[in-house]
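1. Next input, structure requested:
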Amino acid sequence: MASYELHGTGPSGTLAFSGQCTIEHAAVMKQALTEALERFEDLDLDMTAVESADLSFLQLVVATQAEMGKRGKSLSASRGTPPVVADLADEAGMSLGSYEQCFWKKG
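-> Next up, the predicted model:
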């Protein structure tokens, strides 16, 4: 099961995902990302507790990043990327350091 915690004050917040971020839990992931998008100007995505992920997770995160960019907002992942997500992104062809495709692998 995927779960999330959303916290922050003012314009900055953190969205922490944990568990299985897979298609079976896409509705929960979408709800979390939509809520964070509406609530914060600057969002930090914490994926350190993600145990498994699939393309639905990557698609939702990249779509959220694009929408935030359109609204003049920012999305980052200051805590880094767990191997399960980084490996999936590599397999999906998302280039290391390519901000447009895989912002969380930057740096």
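
2. Please enumerate the strands of the protein.
-> Assigned by DSSP state E, the chain shows strands spanning 2-9, 12-21, 42-53, 74-76.

3. Specify the stretch among these that is closest to Ala86.
-> strand 42-53 (9.4 Å; C-beta to C-beta). Every residue, glycine included, has its C-beta placed from N, CA and C.

4. Within the sheet, what are the partner strands of that closest one, with directions?
-> Next to strand 42-53 in the sheet, as set by DSSP bridges, lie strand 12-21 (parallel), strand 74-76 (parallel).

5. what residue lies at the spatial centre of the chain?
-> The chain has Val61 as the residue nearest its centroid, 4.2 Å off, counting by C-alpha atoms, centre = their mean.

6. tell me the pLDDT at that residue?
-> As predicted, Val61 sits at a pLDDT of 93.

7. That's all I had, so thanks and see you.
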